[in-house]
Structures are given as C-alpha cells and as structure tokens.
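Undergrad: Fold the following, please.
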Amino acid sequence: GTVGLSAGNDILLKDSLTTVGALTVNADNDGLVGGLFNLSTGKTINVQNNEAASIKARDLVLEGSLSTGTGDLSLLVSGTGTIGLGDADKDFDISKLELSRITSGNTLIGDATSGTITVSNLSPTDTNGITGLLTLDASSNGSQVIFDTTASTFNALNVKADDGIIINVDLITDVGDLVLEADSDNSGDSLDQVLLQNGSKLSAGNDLIIDATSGGISSVGLFDLTLEANRHVILNDNLSAADDTVIRTDNNNSGEGNLQAASAIDTDNHDLIFISSDLVLSDTITAGTGSITLLSSDNRSISVGSDAGEFKISGDELELLFAQNLFIGDDTTGDMIVDGVTGTNSANILGTVQLNATGAEKSITFENNDSTFRALEVFAEDRITLGTNLTTTVGSLTIDADYAGDDNANDKVTVSDGVILTAKDDLILEDAVGNYDAAGALTLSAGDDLIVRGNLTTVGDLTVHADNDGLAGGLFQIATGKTVSIGGATTSIT
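TA: Got it, this is the predicted structure:
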C-alpha cells in the first residue's frame, strides 16, 4: 500500500524501496536544521502501478534511481530554499546526472513556498525520463525562475514565477508545450516579465504560450529574437523587442499552428517576420521604420482583405500593422487572393506593400472589391488576375507576372473589362511572356511616368493618362520590341 517516511533531520535510504501505492517522504518535518534526503549508490526507489510520489527535503542526493513509471512526482524544498537544476548550485540541487536517474510522468519541482529556481545546461539525455509535463513552480512572493549559462531542453515544460522569468539562453521543448507564466499572482512586483536576453531563442515541440500580466514580454540588447513552435505561438501580453524578431508557428509544416497575439508587439524600429499557417491579431504590431514580413507555412494560400485563403489577413488585421514596408508571401508560400483592401486598412504601411507569389506556378488574383494601398508592388511567378480596380495613393504601382523570368507562356496578366489602374507616382507594367490581356476597356493612370514593358492587348477601349496630377513627369513609354494592340473604337493618351 502507501508508504510514508518522515524525519526531523535527515533520511538516508541505504537499500532499495518498492511500493505498490503512493510514496510520501518528508526529511524536514520540524523545519529546523538538517533535512537531507539521500538515496545511496546503486539503490532504487520503485513506485509501482504508476502511483504518485512526493519528496520534501532541504536538499536531495540521488545516487540511485527513482521511478514512478508514468505516475506523478513532486520534488519540494522545505522552507523557502532556492532550487538549482543541472549545473546551478543552490540550496536544493538536482544535478544533470540526478535528473537522468528519474523516471516519472507529470513532475512538479518547487511550489508556492519555495524560493527562486535556477536552471542551467540540461540536455535531452538529462530530462527525457520525465515523460509528462515538468512544472517549475516559483510562485512564492518575490521568487523568479532563471535559465542561465547554457541552453536547456525538456520534453514539455510549464514555468510559473511570481516575479519574472529571466531567460539568458535558448530554452527548448522537443515534444510538448512550453508555457511561461511570469506573474503568477497577476500583481505588480519588481519585474514580473518574461525577460529574454543575449539573443535567447524559445522553441516549443507543441504550443508556445507566454503570459506576463504586469510586466509583459521583453527582449533586450541588440540581439535577434526567435520564438517558434510546432503548433501555436500564443502571446497573451505585450511583447517588446530591441532587434530583429522572427515568430514562427507550424514549424514542422503540418498545416496546424497560428500566431495568436492578444496584445501589442513592438520591435523598436526593427524588422519583424511572421511565419504561420494563419494569423489571429487583436492588437497592434509595430515595426516603426522597420519592415513586417508575413509568410504562410506549408505552401498555404494567402488571402488579403478576405477569408478566402488558408493564411488570412483581414482588412481589420491589416489595419493593426504599423511599418515602413510590408512584405506578404515569398517563393515558399501559395497562391494569393486580394479582395477589398481599403485605404484605411493599408494606411499604416507608410512605404510599400509588396505582394509575392513567386514560387513555381503561383498566382495572385484581385477579385470582388477594389483595393487601395499607399504604394504597391505585385510579383507572381505564374499569372496575375486583375478583376477589380487597383489604386495607390502615395507611391508607385508595379505589376510583374513573370518574376522568375522563365519564359513561361502562362506568365500573363489577365484584366477584366472596365478595370482602372491608378498610381499616384509611376505605373509600371513589367515584362511578361504571356502578355497583358484586357477583356474589355482598360484605363491606365499615373501621376508620373507610365511604363509598359510587356505586350498589351485590349478587346475594348484603352485610356492612358500619364500625368494625372498635372505636375512634373508624365512620360508614357512602351519598351523596345513591345506592342500595344487596341481592339476598341477609342484610344486616349494624355
């Protein structure tokens, strides 16, 4: 049945112990001096039937092995002592070798009475015996959890601290969730942050979940920040970064995993890259004078302004992005659909929005509702379909359906009847082997130069206005060897 061992001083276990029920050990039942629990070399503690075990002591020496199978295990320090794991030397130490001698399911180290926990240099070999969720609990008032000196890896990890989690090295889970709660009482202390230093990376085998109610999430120093997960990255509080930042979900390209940002993200004028199967934004994303890049994982399709694609950027979400330039898609992402992006939606991208579907045989389609940007570049490897009016209000409009330059006849731009393309600055139709084919009337309008570098054919009337603001510039140019063929009755060029 169950076994209980209790002493006011030390417990020295010099022989093996097997229980068929739960095991409870308290080596410091009077809370005074002493309180060592020592399992001798070559001896074992075997808690059968996956029953639970709890060991409380001022310090722990495991010279033999401890197993609860898949049962729960609690390792607790008596009093308010500090805890050290791996290479960290504290009041209650569990070395790398000692951890490697533990086999257990869900495991708790520390509780609401223990002091700060410090972790250093734990490898998968050290921690793989803990097959369930390992919880590091430093939720007593003023206590922290610190990851220091050398990176550590776990199967699955839940970290709870009252006054902050300080991460100076890479922190990895290779199977399950990585959960960080830096303000367990949701009440102000001296830090209460998840504080990332020295370019540390967080990587989760499943979900990465970060919560720091009072202090937020902060990356300091001129070091890149990387947050990645095989499934979701969930940021429940503000993230402030001091350098370039990469947030990657669906890291295993399973098609499952999105960014869920419930609070603001600010990179202090540095670049920000999101790679995800989808995007769920509730607050602002600010790169300032830096750029924001949005990429879909697993070659998934992208929709901008609508919910037609797998990676969806709604008009409201686009409005939450503040940056000099915005890049959406690249040569690893899927087809793209743009539908009804308003000037208000895109107004916070002060420079250029660049839409990229540059992977093999990928296309971009503008459909249903007109779209407006401050400045826009549209690059596809295989077809652009312009089914709606397209406008830039500040800068140029560039369209290129043959980004790879591979002379594929499918690399064409198809334009619906009555479409109007309007650029505040230059309007540039780049070369496309498959030509620009307008199904009816077409209007091209630019505040500065209007440059046609590919063959253009219209079934209906063509209207060209290369100086729509009446200011300097206004050149209309057809590139050498290219032709403009007009099927309509009327052609107007001004």
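
Undergrad: which ones are touching residue 437?
TA: Taking Cβ atoms under 8 Å, 6 or more residues apart in numbering, we find residue 437 in contact with 412, 413, 414, 415, 457. Bear in mind the C-beta positions are built from the backbone N, C-alpha and C, glycine included.

Undergrad: no no, residue 98
TA: Taking Cβ under 8 Å, 6+ apart as the test, what residue 98 contacts is 60, 61, 62.

Undergrad: If you rank every helix and strand of this protein by mean pLDDT, what lands last?
TA: Lowest by mean pLDDT, DSSP states H and E among the helices and strands of the chain is strand 491-493, with a mean of 80.

Undergrad: Can you show me the helices along the protein?
TA: Ranges of helices in the chain, per DSSP state H, are 96-100, 124-127, 315-319, 343-346.

Undergrad: So which residues make contact with the second one?
TA: Under the criterion Cβ under 8 Å, 6+ apart, residues 86, 96, 97, 99, 100, 134, 152, 153, 154, 155, 174 lie in contact with helix 124-127.

Undergrad: for that helix, which positions count as buried?
TA: Within helix 124-127, the residues scored as buried using 16 or more other Cβ atoms under 10 Å are 126, 127.

Undergrad: how far is it from where the chain is centred?
TA: In this view, helix 124-127 has its centroid 26 Å away from the chain centroid, taken as Cα atoms, centre = their mean, to the nearest Å.

Undergrad: tell me the mean pLDDT over that helix?
TA: For helix 124-127, mean pLDDT is 98.

Undergrad: check contacts around residue 269.
TA: Counting by Cβ under 8 Å, 6+ apart, residue 269 has contacts 287, 288, 289, 290.

Undergrad: Report how many residues lie close to the nearest residue to residue 427 once chain neighbours are set aside.
TA: In space, and not counting its chain neighbours, residue 427 is closest to residue 446: 3.8 Å by Cβ to Cβ, 6 or more residues apart in numbering. Per other Cβ atoms under 10 Å, the neighbour tally for residue 446 reads 28.

Undergrad: Residue 448 too?
TA: Using other Cβ under 10 Å, residue 448 has 21 neighbouring residues.

Undergrad: With adjacent residues omitted, what lies nearest to it?
TA: Closest to residue 448 by Cβ to Cβ, 6+ apart is residue 473, at 3.7 Å.

Undergrad: doesn't residue 427 make contact with the one you found?
TA: No - the pair residue 473 / residue 427 is not scored as a contact, 11.3 Å apart, by Cβ atoms under 8 Å.

Undergrad: re earlier: now the two most distant members of the contacts of helix 124-127.
TA: Across these, no pair lies farther apart than 97 and 174, at 20.1 Å, counting by Cβ to Cβ.

Undergrad: which of those two has more neighbours?
TA: When residue 97 and residue 174 are compared for neighbours, residue 174 comes out ahead with 17 against 12, by other Cβ under 10 Å.

Undergrad: hang on, that one packs against residue 205?
TA: Yes - the pair residue 174 and residue 205 qualifies as a contact (Cβ under 8 Å) at a distance of 4.8 Å.

Undergrad: who's residue 372 bridged to?
TA: Residue 372 has these beta-bridge partners by DSSP bridges: residue 391.

Undergrad: mind starting the numbering at 43 from now?
TA: Happy to do that; since the first residue is 43 now, the last one works out to residue 414.

Undergrad: Among the contacts of helix 166-169, name the buried ones.
TA: Neighbour-count burial (16+ other Cβ under 10 Å) applied to the contacts of helix 166-169 gives 128, 138, 141, 142, 176, 194, 195, 196, 197, 216.

Undergrad: what residues are up against the residue nearest to residue 85 when sequence neighbours are not counted?
TA: Distances taken as Cβ to Cβ, 6+ apart place residue 106 nearest to residue 85, at 3.9 Å, with adjacent residues excluded. Contacts of residue 106 were listed using Cβ under 8 Å, 6+ apart, and they are 58, 81, 82, 83, 84, 85, 86, 87, 143.
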